[in-house]
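1. Pasting a predicted model and its sequence here:
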Amino acid sequence: MNDMRQSQIFPTSKLEEADGPGLNPTANRTMGDIIAARFSRRGFLKGSMASAAIAATVSPLALLAADEARAQSASVFNFPEVDAGVDADHHVAEGYDADILLRWGDKVFADAPEFDPLNQSEAAQERQFGYNNDFVGFIPLEGSADRGLLVVNHEYTNEHLMFPGVVTMQNGEMAVADATEDRANIEMAAHGGTIIELRRENGKWTPVTDGALNRRITAKTEMLLTGPAAGHDRMKTSEDATGTKVLGTINNCAGGVTPWGTYIMAEENIHGYFLGTLPEGHAEAGNYDRLGVPGASYQWGNFHKRFDVGQEPNEPNRFGWIVEVDVMDPTSTPKKRTALGRFKHEGAESVVAADGRVVFYLGDDERFDYVYKFVTAGTYNPDDRAANMDLLDEGALYVARFDEDGSMVWLPLTHGEGPLTAENGFNSQADVMIETRRAADLLEATPMDRPEDIQPNPQTGRAYVMLTNNTKREEANAANPRVENAFGHIIEILETDGDFTATTGRWEILLQCGDPAMAEVGATFSTETTKNGWFGMPDNAAIDADGRLWVSTDGNSMADTGRTDGLWAVDTEGEARGTSRLFYRVPVGGELCGPCPTEDMTTFFVAVQHPADGGEDWEGHGRVSYYEDLSTRWPDFKDDMPVRPSVVAITKQGGGRIG
């Protein structure tokens, strides 16, 4: 390998180009095909497609003035909208405070060393807040409304922003020096998750570094494999002959908090952590091709043989799972729950169904991949936490097929049913779970445009699917009248009879994203959405205690949309349906992740990931951004401090409910 490598290992925040490599080899009908057929049959002016038809002849902004008063009175949101744009700082709606709560390198434990970016070490990072905070969850502690546990995923690392002295500019392009073993170990310690106690005083939250439940989870933390794939021969390695133990979790994107108060970490783009070459004719070759393994974005395999598929060919099968952590026991062993399938998990948001079973919605974040849900076999017991602790080991995993008449079917991923038999290489349920993507291919599930967060609304029986984008779409259609779906859309699922365990339902488009002032884009925001309120690239979402939808984004920039990523409030009901309003925006180069409102709606926790990872197209910087020459030094704005991914706590000035 050359001494220097191009820094654009991570051209975006997801280890891949903005919408993933796209590894689905099937000819299954895509969501674009189905949308086109559905709306050509139903009539172009029905439902959420009306705005697209209007946009073809009349600019939505021209209609805005006439309808603005009606929208404001119909919306369930009430706050002054933030001006969209790009600069070095973050911005929140007038009347609110956005306080920095935790930064990369902050102490998680009282005895942790102070953050010293010039003298980083694995030992220090294991005691400090990790890098690139993504999912954020809040678990109240009994006995006080002012105490709780914040749980945070650390998805990946940006070497060129983290480490001094590793970047060389060559002909205007950035190259990053090969990793050293020390640097690789620091990165491994910066992955995983953080559990830390918070305390609220005078309306503001602060970390409690001597909290008894505080914990760091890293790429070296021992974990158990449970469920149908645990102990299978395909899970065994030279270091683990049982196939039940694995070190660490990686690329934890979104996640969830279960009804019984455990922390869910979703393993997403695991392919980039593996390098090397499988032995000739190895049985896992097709399995790994479907996931893009090895992706060789990281060099850990040069120092830890488990990340080299030539030395440990089964190791990748031990990643790509949902991980459950018992936050009430800091000595507990996290468990990878294989019953929920193996793919590039964006998150795992859950809801308790009417019959007591628990339903988890799961997105596979890649172009042309699928939407899933898992229904537990057992029922949730709100009076006995211990009785719920292994609910995720038994249940049914389904993948979605969306039909052009607006109906949908949840197809069971069950060994022995349909094509999931030995004739197709599935000898057990373990094989189905290890190769979930291939099983879903055979069931002819609907390929989607990067399914990310999926949020169920317990008040309505609906679920909202964030589809970030798909720039490889080759044919235009009525619902998305563009050759490339650069801006994404949001699908609304209506489960039959509002029953989240149902195996049938209906679907509708809530929004096609992008600039509604450009008719050719085909955005379907309501005509009441202002020039600041529209967005592209929906990624994460939250349903608050009032049943309202909040959407965060990944990929907005000066070049793409003329604005940074942020948090938008989106109306889903009534006259204001499809109206969006900007509440908070991040600094240049950043991504807004983990929107987490507290139950009483007095605090909104958000995560700002990879700030300063960009700025070439912003007039405030106009060149490549790296440690020594950053487009922003948010949140410290000190010359001796690098940019630092951070969690922010948003509260209303003077107290009160948000939004």
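-> Nice, thanks for sending it over.

2. Only C-alpha atoms from now on, for both contacts and neighbour counts.
-> Noted.

3. On the pLDDT front, check the nearest residue to residue 457 once chain neighbours are set aside for me.
-> When the adjacent residues along the chain are set aside, residue 457 lies closest to residue 463, with 5.8 Å between them (CA to CA, 6 or more residues apart in numbering). The score at residue 463 is 96. That number is its pLDDT.

4. May I have the beta-bridge partners of residue 463?
-> Note on residue 463: beta-bridge partners residue 456, residue 493, judged by DSSP bridges.

5. What ranges in this structure fall below the confidence cut-off?
-> Applying pLDDT under 70 to the chain flags the ranges 1-20, 29-73, 473-483.

6. quick one: the spatially closest residue to residue 508 that is not a sequence neighbour from residue 437, how far?
-> Residue nearest to residue 508 in three dimensions, not counting chain neighbours: residue 492, with 5.2 Å by CA to CA, 6+ apart. Shown here: residue 492 relative to residue 437, a distance of 23 Å by CA to CA, to the nearest Å.

7. So between these two, which is more surrounded?
-> The residue with more neighbours, out of residue 492 and residue 437, is residue 437; 25 against 20, by other CA atoms under 10 Å.

8. Can you give me every residue that contacts the more buried one?
-> The neighbours of residue 437, taking CA atoms under 8 Å, 6 or more residues apart in numbering as the test, are 290, 342, 343, 369.

9. Try it again at 10 Å.
-> 23-24, 287, 290-291, 341-344, 364, 369-370, 399, 443, 445 (CA atoms under 10 Å, 6 or more residues apart in numbering).

10. Check which helix or strand the residue most central in space within the chain maps to.
-> Central residue check for the chain by CA atoms, centre = their mean: the C-alpha nearest the mean position is that of residue 254, 3.7 Å away. Element membership of residue 254, judged by DSSP states H and E, is strand 252-257.

11. Which helix or strand lies directly C-terminal to that strand?
-> Scanning forward in sequence from strand 252-257, with DSSP H and E defining helices and strands, the next element found is strand 263-267.

12. Figure out how far the following helix or strand past that next one is from the centre of its chain.
-> Towards the C-terminus, the helix or strand next in line after strand 263-267, according to DSSP H and E, is helix 285-291. On the basis of CA atoms, centre = their mean, to the nearest Å, helix 285-291 sits 23 Å off its chain's mean C-alpha point.

13. which residues touch helix 285-291?
-> By CA under 10 Å, 6+ apart, the surrounding residues in contact with helix 285-291 are 21-25, 269-272, 277-279, 292-295, 313, 316-317, 320, 342-344, 366, 434-438.

14. For those, I'd like a selection string for ChimeraX - just the buried members, please.
-> Remark: buried members of the contacts of helix 285-291, expressed as a ChimeraX selection using 16 or more other CA atoms under 10 Å:
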select :22,24,269,270,271,272,278,292,293,294,295,313,316,317,320,342,343,344,366,434,435,436,437,438
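
15. Next step: the contacts of helix 285-291 restricted to helices.
-> In helices, defined here by DSSP state H, the members of the contacts of helix 285-291 are 434, 436, 437, 438.

16. Please give me every residue in contact with residue 393.
-> Shown in contact with residue 393 (CA under 10 Å, 6+ apart): 226, 227, 228, 335, 336, 337, 338, 339, 340, 376, 377, 378.

17. measure it to residue 547 for me?
-> In this structure, residue 393 and residue 547 are separated by 29 Å, where distance is defined by CA to CA.

18. so how far is residue 372 from the residue nearest to residue 457?
-> As defined by CA to CA, residue 463 lies at a distance of 12 Å from residue 372.

19. Which of the two has more residues huddled nearby?
-> Neighbours of residue 463 and residue 372, each counted by other CA under 10 Å, are more numerous for residue 372; the result is 26 against 21.

20. bridging residues for the more buried one?
-> Counting by DSSP bridges, residue 372 is bridged to residue 362, residue 399.

21. Run through the helices of this protein in chain order.
-> For the chain, the helices defined by DSSP H occupy 31-42, 50-55, 60-74, 122-125, 159-162, 181-190, 285-291, 429-434, 436-442.

22. Which ones among the contacts of residue 393 lie within strands?
-> When DSSP state E is applied, these are split such that 226, 335, 336, 337, 376, 377, 378 fall in strands.

23. can you list those residues in TSV and add neighbour count?
-> Compiled in TSV, the ones in strands among the contacts of residue 393 are given as follows (neighbours: other CA atoms under 10 Å):
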residue	neighbour count
226	21
335	26
336	32
337	25
376	23
377	16
378	17
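
24. Pick the one among those closest to residue 327.
-> Closest approach between the ones in strands among the contacts of residue 393 and residue 327, by CA to CA: residue 335, at 12.1 Å.

25. State the distance from the closest residue to the closest one other than its chain neighbours to residue 649.
-> Using CA to CA, 6+ apart and skipping the chain neighbours, the partner closest in space to residue 335 is residue 224 (4.7 Å). When distances are taken as CA to CA, residue 224 and residue 649 turn out to be 33 Å apart.

26. higher neighbour count, the two?
-> residue 649 (21 against 18).

27. residues shared between the contacts of residue 463 and residue 372?
-> Both residue 463 and residue 372 are in contact with 361, 454, where contact means CA under 10 Å, 6+ apart.

28. Just list the residues touching the nearest residue to residue 387 once chain neighbours are set aside, thanks.
-> Sequence neighbours aside, residue 381 is the residue nearest to residue 387 in space, at 6.7 Å (criterion: CA to CA, 6+ apart). By CA under 10 Å, 6+ apart, the contact set of residue 381 is 259, 260, 356, 357, 387, 388.

29. From these, list just the buried residues.
-> With neighbours counted by 16+ other CA under 10 Å, these contain buried members at 259, 260, 356, 357, 388.

30. from those residues, which is closest to residue 558?
-> For the buried ones among the contacts of residue 381, the closest approach to residue 558 (CA to CA) belongs to residue 259, at 39.7 Å.

31. Was I right to think the closest one contacts residue 379?
-> No - taking CA atoms under 10 Å as the contact criterion, residue 259 and residue 379 are not neighbours in contact, 11.2 Å apart.

32. residues bridging contact with these two, i.e. touching both?
-> The contact sets of residue 259 and residue 379 overlap at 352, 358, 388 (CA under 10 Å, 6+ apart).

33. Out of those, the closest to residue 216 would be?
-> Proximity of these to residue 216 was ranked by CA to CA; the top entry is residue 388 with 23.8 Å.

34. so who does the residue lying closest to the closest one once chain neighbours are set aside touch?
-> If the residues on either side of it in the chain are set aside, residue 388 comes closest to residue 380, at 6.1 Å by CA to CA, 6+ apart. Taking CA under 10 Å, 6+ apart as the criterion, residue 380 is in contact with 259, 260, 352, 353, 355, 356, 357, 358, 387, 388, 389, 391.

35. and the fourth one, how many residues sit next to it?
-> Translated: residue 353. 19.

36. Phi first, then psi, for it.
-> With angles defined as degrees, to the nearest 10, residue 353 sits at phi -80, psi 170.

37. Leaving out sequence neighbours, find the closest residue to it.
-> Nearest one to residue 353, counting by CA to CA, 6+ apart, is residue 500 at 5.7 Å.

38. Okay, the one you found and residue 463: tell me how far apart.
-> Between residue 500 and residue 463 the distance is 9 Å, computed by CA to CA.

39. what touches both of those two?
-> When contacts are counted by CA under 10 Å, 6+ apart, residue 500 and residue 463 are jointly contacted by 361, 456, 457, 494.

40. how about these in JSON lines, adding neighbour count and distance to residue 283?
-> Compiled in JSON lines, the shared contacts of residue 500 and residue 463 are given as follows (neighbours: other CA atoms under 10 Å; distance: CA to CA, whole Å):
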{"residue": "361", "neighbour count": "27", "distance to residue 283": "30"}
{"residue": "456", "neighbour count": "26", "distance to residue 283": "38"}
{"residue": "457", "neighbour count": "22", "distance to residue 283": "42"}
{"residue": "494", "neighbour count": "22", "distance to residue 283": "40"}
